[in-house]
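Q: The sequence and its predicted three-dimensional model are supplied below.
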Amino acid sequence: QVLLVETGGGLVQAGGSLRLSCAASGRAFSSYDMAWFRQVPGKEREFVAGFRWAGGSTYDADSVKGRFTISADNAKDTVYLQMNSLKPEDTAVYYCAAKRAYFQFSRDYGLYTYWGQGTQVTVSS
């Protein structure tokens, strides 16, 4: 049973920072891709950032490039999302997701198998 647990959401003023954590358990994740998605009511889930355990490649959405950084701690099976220079439009529920890695990294939320419960991030103006 794969379990993803997100922590670190909250309320922050515009320009501030937050760090989200996603602790993974249940199997070896060396052959998995991990990703952060976000969703606001009435909109589709949006890719934010991704990480491939094998090789350590990272991927960012254009909307967060230069502001958000994804990283991972192999020893803890934990993926982080450092969010700096937050904007009100970053307000959303943030989800951690995982799937087996194939040839190309995917930003399609429909292909991800495992999901965390989500954590709310609210950025006030």
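A: Alright, I've got the coordinates. Residues are numbered from 1 along each chain as shown.

Q: For Tyr109, which residues are in contact?
A: Listed by CB atoms under 8 Å, 6 or more residues apart in numbering, the contact set of Tyr109 reads Phe37, Glu44, Arg45, Phe47, Ala97. Just so you know, the C-beta spots here come from the backbone N, C-alpha and C atoms, and that holds for glycine as well.

Q: Would you show me how to pick out the buried ones of the residues you listed in PyMOL?
A: The following PyMOL line selects those of those that are buried, judged by 16 or more other CB atoms under 10 Å:
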select buried, resi 37+45+47+97
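
Q: Taking the contacts of Tyr109, tell me the two that lie furthest apart.
A: Glu44 and Ala97 (14.0 Å; CB to CB).

Q: does Lys99 really touch Tyr32, like I thought?
A: Yes. Here Lys99 reaches Tyr32: they are 6.6 Å apart, a contact under CB atoms under 8 Å.

Q: Between the two, point out the one with more neighbours.
A: Tyr32 (20 against 16; other CB atoms under 10 Å).

Q: Confirm Ala49 sits in a strand?
A: Yes. Under DSSP: H, G, I helix; E, B strand; the rest coil, Ala49 falls within a strand.

Q: Okay, and the beta partners of it?
A: With DSSP bridges applied, Ala49 shows beta-bridge pairing to Trp36, Asp60.

Q: So it versus Pro88, what's the distance?
A: For Ala49, the distance to Pro88 (CB to CB, to the nearest Å) stands at 19 Å.

Q: quick one, which of those two is more surrounded?
A: Taking neighbours as other CB under 10 Å, Ala49 and Pro88 compare with Ala49 leading, 26 against 11.

Q: where does the protein dip in pLDDT?
A: Applying pLDDT under 70 to the chain picks out no residues at all.

Q: which residue is nearest the middle of it?
A: Centroid check for the chain by CA atoms, centre = their mean gives Trp36 as the closest residue, at 2.0 Å.

Q: Touching, it and Leu20? I think so.
A: Yes. With contact defined as CB under 8 Å, Trp36 reaches Leu20; the gap is 7.0 Å.

Q: what residues are shared contacts of the two?
A: Joint contacts of Trp36 and Leu20 (CB under 8 Å, 6+ apart) are Leu81, Tyr94, Cys96.
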